[in-house]
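1. Provided below for reference: sequence and predicted model.
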Amino acid sequence: MEEKLLVVENLTTSFHLQNGWFSAIEDLSFTLSSNETLALVGESGCGKSVTAYSIMNLLPKPGSRIDRGSVLFHGKDLVGLPEAEMRSLRGSKLAMIFQEPMTSLNPALTVGQQIAEVLYYHNGTSKKEALKGALELLDQVKIPAAATRLNDYPHHLSGGMRQRVMIAMALAGRPEIMLADEPTTALDVTIQAQVLALLDDLKRELKMSMIFITHDMGVVARVADRVAVMYGGYLAEVAPVENLFANPVHPYTEALLKSVPRLDRDINDLNPIPGLVPSIDRMPKGCRFAERCEHKIDVCEQQMPDLTSISDAGNHSVRCWVRGAQATSNGESQA
Amino acid sequence: MSLFPKAGGLRRTIRDTIRVFNRNKTSWAGLVLLLFMVSLAVLAPWISPYDPIDQNILERLSPASAEHLLGTDHFGRDILSRILWGARISLSVGTISVLMGMAVGTVLGILAGYKGKYWDYMIMGVMDVFMAIPTLLMGLMVVAVLGPNLVNLTIAIALTVAPRFARIARAPTISIKNRDFVEAGRAMGFSDLRIMAGHIFPNILGELIVMGSLWIATAVRIEASLSFIGLGVKPPTPTWGGMIREGFQNILSDPWISIYPGIFILITVLAFNMLGDGLRDAIDPKLRNS
Amino acid sequence: SPSFAEVVLKIGTLSNDANQLDPHVSTKSQDKILFPWVFNGLVRFAPGSADLSKIEADLAESWKSSADGLTWTFRLRKGVQFHSGYGELTADDVVFSLNRASKKETSTAYKGYADFASVSAPDKYTVKIVLTKPIPSLLGMVTNYHGGYIVSKKAVEKLGDNFKTNPIGTGPFAFSEYQSKRQVTLVANKDYFRGAPKIDKIIYRYLPDEASRELAFKNGELDLIYGTREQRWVERIRKDKGVKVDIIGLGELRTLHMNITKGPLKDIRVRQAISHAVNRDEMVAFVGQDVAQRSISVVPLGYLGNTSDVPLYKHDLAKAKALLKEAGYPDGVTLKVIITKVASLRVPMEILQAQLRKAGIILDLEVVEHSAFHKLIRQDASPLVLYGAARFPVADSYLTQFYLSDSTVGTPTAITNFSHCDAADAEITAARSEADQTKQLALWKTAQQKVLTQTCSVPIFEQLIVWARTTKLDYGFEMKNSLSNGPILNEMTTLK
Amino acid sequence: MSKELLKVEGLQTFFTIKKGFPNPVTHTVRAVDEISFHINRGESFGLVGESGCGKSTAGRSILRLVEPHGGQVHLSGQDVLAMDKDQLREMRRKMQIIFQDPYSALNPRQTIGKILAEPLHVHRLGTKGEIRDRVFALLKEVGLPPEAANKYPHEFSGGQKQRVGIARALLFEPELIIADEPVSALDVSIQSQVLALMQGLQETHNLSFLFISHDLAVVRYFCSRVAVMYLGKIVEQGPVKQVFDEPLHPYTKVLRGASPIPDPTLSKKMLRMEGEVPSPLDPPTGCHFHPRCPDVMEVCKNQYPSAISVDSERTVACHLYSQKQG
Amino acid sequence: MLKYVLKRLAMAIPILIAVLTLVFVIIRIVPGDPAMVVLGDQASAEALAALRTKMGLDVPLIQQYFTFLFGAFRGDLGASLLSGRPVLSEVMTVLPYTIDLTIAGVVIGIVFGVPLGVLTAVYRNSVTDYIIRVFSLFGLSFPAFYSAILLILIFSIQFNLFPVISDPDLSNYGERMNHLVLPAVNLGLIMVAYITRSTRSSMLEVLREDYVRTAKAKGVPRFVVITRHALKNALIPIVTVIGLYLGVLIGNSVLTEIVFNRPGLGKLILDALSERDYTLLQGVMVIYAFIIVIVNLITDLTYGFVDPRVKHQ
Ligand SMILES: Nc1ncnc2c1ncn2[C@@H]1O[C@H](COP(=O)(O)OP(=O)(O)OP(=O)(O)O)[C@@H](O)[C@H]1O
Ligand SMILES: Nc1ncnc2c1ncn2[C@@H]1O[C@H](COP(=O)(O)OP(=O)(O)OP(=O)(O)O)[C@@H](O)[C@H]1O
Ligand SMILES: [Mg+2]
Ligand SMILES: [Mg+2]
């Protein structure tokens, strides 16, 4: 079996709200191989960002905690790692880019300074060399006239350029894993296309792994090798991208694909998913999708199913009473 | 009568307020202190042990005792009684002046912010002129001109407060004016007045209340400062600042004459500051969830 | 640069600034205090006294008057030098000074010199004064007080307007520097004709705030301060180690003047009611035995001509109320009264306010700036005027300025007759040129009786002046009375 | 009654802005620069384009929420731009707007009931009882329970708030609704709910929509005709299927190619394109698109192409086609 | 840049004129007579009239107004009615004292306020946070005159460390500093309170910003995140606050100068007011308005300095 770069197991993270602790992600397990792109998809609030922050150990403190689970990076558990050690990983081995290129760059520092900083603190290069390195990185992310841009402040740049700067910054430490939290959601389609293409090229060149967070199934189709669909803090379905689109198993995945209008074909009637995504302090008891699910059976509202593999290759797993691996056994016992 | 009576309207408002207060406990402390001060002021005629202006030369400058809980001043007047009556002045001058300044300033600020263009230039231009004169100096001049009395003192402070509130009201007005619901109002054919009074004002009210309570604290201090300089209200009317000024003469021998009113000023200003501070934290949505 | 043994005396005085350091012009306490340190008169009160009968020679060595009392001749001391190299004092300077003092344009004391026919200098060291009528107390007019100070002619002519901030005299201390609103610095006049002073430098600081003065004194930043004129203060500060308190006369008489021409006060019964409502004993008790005296007449104690044989109204609230009722004010009256911010008048006024309230007379006090107060009371804006003053210690000065109808405020010859009193015009004028001392005294007595019968004013108490000093400061004589309101500092004064 | 409900001709809206410190310079943004189109009764007309191209400004100009600088807008034959204040009030009952951001579109200090009732009060449309009934009816129609009337906006999810926005737009029973990106801010699953709701309402009320969006898929689903905007100008318009399936203008092609399609087998071939969207403060000379255009010609750099009717329903503004014709 | 400064100064002219007019009008309504102040209470009516003529108080108000206005713009604020010295020189003698005091107050405010504010923001809701916040609330609530009195009682009278009267010889630096300590602390305390609070709230806001998260994600040391990334941006609102509270500061400096008997604009203005020294009063108000205008300008220029978005637009 190929080496698993990152193994996330039973990760559970909670937030403190007015009336107690509530888990935003629960029992999350997935793996990431080297040079692989895993897409995390799901609607707003399903816990995509929290997953990323939990891996990076960037959860807002106080007010949040990792209840259990582990994040094994090269076999080393990142959960509970001392802050100093974690910091040396952040920005070098593990890099992250964010959704809002407008607000994620420091308005008071030049683009060059912000990129050079990574080199300065991680590689111990001199400030001057770091700036030189920053210039190379800007070239690498295809920013025209990079030398002049080095001294620009973020507000001089357009959204697409800023996102490239963010990418350059993430690349500075030669990361093994890049976590991209909706990096193109705020961009126009044409610019999104450019950034996606850039990420694609870079990934190939640098042999990075990537966790790509998005809610846009179109983008998933474009970038992902494997897809993990999240709902209400749980993983609903994990599968290679072709499998998922060709054969969505979880009712949520299926409904999601059917509910979006498509540019390439006529859809006369949309099939909206009824109801709302529940918030973390009001999660239903059993399967969290149950109340919106067309196929629900009694057990769905009682108990959460496990994430089980349904394919022979072992690469397609689903968490569902009706269509998952537990379906037959439980369905029978229920019936 | 409301068209859609809210589920337990008043109770709900109270509940919301309590929730807001609970986020920052200092609001509670401030409120309690303040209510205490206000009740002292309101009840002064009944609870103050002596007539605040009654002199008793023979008992002058006596320290705290069973008869005079906080002692007497250099005219032999009961300090506790004077403080209680003085609370009425300090609190009412502070509150009324800020309310006046707030009313004028808010109207002008909303107008300037909403109408923009020359309205903005004119109004804010005039406000800038007033702002170019430091608060205390403005009070100093106005009181010196109109003569020191309660009304003039109040006007003086209101004059310095108004331009600040114009500023405070203008900034959020400009940002709210660009919010879609204002645009929606215009698309519905609402008049400017309705939009300003019915839609913008309620949305900046929270901020105004917060700033209001902080400015009352300042106003109480200004009143005390003007009285300290000797531009307060007429004798023998008791005011806290005036009492400190009078007591200052005897600060070395009979410090309590200044210390007691000083403590009351401190507590009152503190109470308003705490209340305003807490409210500010509670009302600021950015500070709210964390 | 401060030499190692320089003796510096630091004084804290009242008021926030000098007014004018011109002795002929300024009558302000803060200025008056330092004039006797810088200037001399032809004669002087014995240091520490204000007794007219103890006048000694000063710039003049000797003097005599003609038999008819109309011509006075003074022999000057020789070799007296003006400060800052303005040369020797000569008769010319004296002539110049006395003429200056008697001119309206250059002096505020000019009224007192109305009966001077001429002042001349027969020779360098002789001065001759010719009068139009005899003035029995002429010597008083050439003492070290107000118009009597001798200034340098050369300096006045050279400095012009600047003289008022750069005074040149012959006294023990010479003016060195004036910093507005801060201080005046004087330095020892090493050539002083009575010998070089032992204090090298005087820093005379303007510190209007009593508490600040005291704090600074306590902290050793000041050696001598103008004190708070209250018994308690005096007693307290006396207890401190190394502190000596001097209570100096002559006192300032605090009088409540009532405008007899206006409003309810037109009715004599209302004025009498006020007189009865005033409680002098309480007032004195407030201010304190050591620093206040109950006044006995409209002329202050210790003034030539003062008498207790006058109808002073006793404190009697019942009578006050009855009189008010009789006058048609059964529910009392309310009077809008203007008063200065300055504590020495405001505080007694506040006490009066409380006293009169008990008789149903409500005073609505408007506290204004001191200068506004002076302006307004001269416009008859206040029916009651509480005024405190010390004048040259002769009954005439007081009676003329406060009770002669010539001096009524609002008239061209106005001085300080706030009550519009006209009861004793004849007596006051007659007494002034009465050569016979006994007759003069009788006239003054009648005048005082008449003023009180008309109830023009309520004399209340006399306020003495308090100075506190470190015991290191020794005047060299007993400091009892001083016309300047301040201690006399001269060559005898030492600071250890 | 004519088929044509709204006719926009040569509409222009400019903004002047000051930029720079310490010495600001005034720039003119031609946010909407001579656009023309029409909308038929009962039709949904789409307006697509990238951020900042002037879509919202166009919508707001038609409603006169911003004052246009030129051109003509006719609603049912009436000249909207010539109306005085009173006429404008009347007109606004026929033409309403839905906003993109459901959070900012509702006054956070008013209950939903108040938000919906106030306009009726202002226009004196009925007694209190009638107004109340109308509000409840509308809530029901947009799929909200009657209790919603007592609640405040923050107590609702984005999709529910957008429903309130739609209900408000329906208050006066307008003929035309300008929907400015009504679903862009919504979650995927909610987006389809709201789209379905709007579609249903359109049928029952015979509404016309000016549907502004940057999402071609949504426009393709919702609209019958579409105009593509680029930097203040319409570059192409026509029936939605024709425009998206066989785009003429190079920009439309780019836009289409860049739009992700949820199908891994198709989308890996997504178009790659260089160049940034130019600043509207300083648009390129000639055809605004020429710096990014794969088919750029010399003429494109100097001259803005005029709109050419390709057939009765399609126009395109591109030199490629003017030459073919000429 | 120079052009901008000049333009801003030109824009201040109408404000200054308006302030001048306001002050002129207000002052003339005040009762009281400067001639009387000069001549004293025994002066004759004639002498008073003569002096009024000499002081230029007998010409029509409107003429006085224009004389004053034109004078002011030539930099001539007239002569003090009382001392006869030019107003400008009166102001200049005391200005160093006020400037010393104000700058020291602001410096104390910044030196202590900013770090304390950062501390409270970083350790939000901790004991440190509460303690500092309570102290800053107290700082705000003390009237300036009251804190001044307490400082004197404690440090001068009790411990005998500093003089009661702050009236140093400016050429003697030791004395100048020694006399400055208490008044500056008095002024600084309040400034510390204001700055701590505003630093805290602007730091809290900035710490929530996405770019701070970015900095953390880059693995930059915490101290660098707080200073270089957060504080640098938080400074912008802090500058505003410092500019905004200058008015308060001036008010407090007046009170401080009074209690410490320190020469300065505050005492000058109070004296001028109590003595009806019209020209001096006008002059000082003009200077104050001018200072405020200048400070506003400096504040705006500082924005350009700390906020590249402003600088490079
Ligand atoms: N700091 C926090 N405090 C409390 N709750 C939080 C916090 N951050 C996230 N949550 C909750 O955790 C849940 C998951 O949030 P998360 O940000 O991971 O969602 P997401 O999938 O990234 O959504 P989006 O697409 O909106 O970014 C949400 O319900 C959110 O309310
Ligand atoms: N009030 C305004 N003042 C100045 N410029 C404006 C104003 N409103 C819009 N603009 C400018 O006009 C141009 C068009 O803006 P508009 O909002 O119409 O674009 P849009 O196509 O709706 O964009 P988006 O998709 O971001 O909503 C933009 O460059 C914008 O910056
Ligand atoms: Mg997220
Ligand atoms: Mg828009």
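-> Arrived safely. Residues are numbered from 1 along each chain as shown, chains lettered A, B, ... in the order given. Ligands and ions are numbered 1, 2, ... in the order given.

2. how far away is E:Ala215 from A:Lys132?
-> Look at E:Ala215 and A:Lys132: by CB to CB, to the nearest Å, they are 21 Å apart. Quick note: C-beta positions are derived from backbone N, CA and C, even for glycine.

3. So these two - more neighbours on which side?
-> A direct count of neighbours by other CB atoms under 10 Å in any protein chain shown for E:Ala215 and A:Lys132 places E:Ala215 higher, at 28 against 16.

4. In which helix or strand does the more buried one reside?
-> Counting by DSSP states H and E, the element that carries E:Ala215 is helix E:210-217.

5. OK, contacts around D:Ser61?
-> Counting by CB atoms under 8 Å, 6 or more residues apart in numbering or on different chains, D:Ser61 touches D:11, D:13, D:32, D:67-68, D:73.

6. any chance of the residues you listed in CSV, with secondary structure and distance to ligand 1 too?
-> Shown next, in CSV, are these (DSSP: H, G, I helix; E, B strand; the rest coil; distance: CB to the nearest ligand atom, whole Å):
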residue, secondary structure, distance to ligand 1
D:Leu11, strand, 36
D:Thr13, strand, 34
D:Val32, strand, 32
D:Glu67, coil, 37
D:Pro68, coil, 37
D:Val73, strand, 38
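
7. which SSE is A:Met178 in?
-> Here A:Met178, judged by DSSP H and E, is contained in strand A:177-181.

8. Packing partners of that strand?
-> Packed against strand A:177-181 by the contact rule (3 or more CB pairs under 8 Å, 6 or more residues apart in numbering or on different chains; DSSP states H and E) you find helix A:48-56, strand A:94-97, strand A:209-214.

9. What segments of the chain are helices?
-> As the question left the chain open, I've gone with chain A. Assigned by DSSP state H, chain A shows helices spanning A:48-56, A:83-89, A:111-122, A:127-140, A:146-149, A:159-171, A:189-206, A:217-223, A:241-246, A:251-259, A:326-334.

10. should've been chain D
-> Using DSSP H, the helices of chain D run over residues D:55-62, D:85-94, D:102-105, D:112-122, D:128-141, D:158-170, D:188-205, D:216-222, D:240-245, D:250-258, D:264-267, D:319-325.

11. what's the closest of those to E:Ala50?
-> helix D:85-94 (66.8 Å; CB to CB).

12. Give the buried residues for the closest one.
-> Using 16 or more other CB atoms under 10 Å in any protein chain shown as the test for burial, helix D:85-94 gives D:89, D:91-94.

13. could you redo the helices of chain A as a markdown table and give each row distance to A:Phe73?
-> Formatted as a markdown table, those follow (distance: least, CB to CB, whole Å):
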| stretch | distance to A:Phe73 |
| --- | --- |
| helix A:48-56 | 8 |
| helix A:83-89 | 7 |
| helix A:111-122 | 16 |
| helix A:127-140 | 23 |
| helix A:146-149 | 32 |
| helix A:159-171 | 16 |
| helix A:189-206 | 17 |
| helix A:217-223 | 22 |
| helix A:241-246 | 24 |
| helix A:251-259 | 28 |
| helix A:326-334 | 31 |
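
14. residue in the stretch 1-150 of chain B nearest to chain E?
-> At 3.1 Å from chain E, B:Leu136 is the closest residue in the stretch 1-150 of chain B, using CB to the nearest CB.

15. Wait, a strand at C:Leu363?
-> Yes: according to DSSP: H, G, I helix; E, B strand; the rest coil, C:Leu363 belongs to a strand.

16. Leaving out sequence neighbours, find the closest residue to it.
-> Leaving aside its chain neighbours, C:Leu363 sits nearest to C:Gln353 (4.4 Å; criterion: CB to CB, 6 or more residues apart in numbering or on different chains).

17. repeat for A:Glu294
-> Spatial nearest neighbour of A:Glu294, chain neighbours left out: A:Pro251 (6.3 Å); criterion: CB to CB, 6+ apart.

18. burial measure for that neighbour, as a count.
-> When neighbours are defined as other CB under 10 Å, A:Pro251 has 24 of them.

19. is it true that it touches A:Trp321?
-> No: with contact defined as CB atoms under 8 Å, A:Pro251 and A:Trp321 do not form a contacting pair (10.3 Å).

20. returning to that earlier point: closest to chain E out of the contacts of D:Ser61?
-> Nearest to chain E out of the contacts of D:Ser61 is D:Thr13 (CB to the nearest CB; 24.0 Å).
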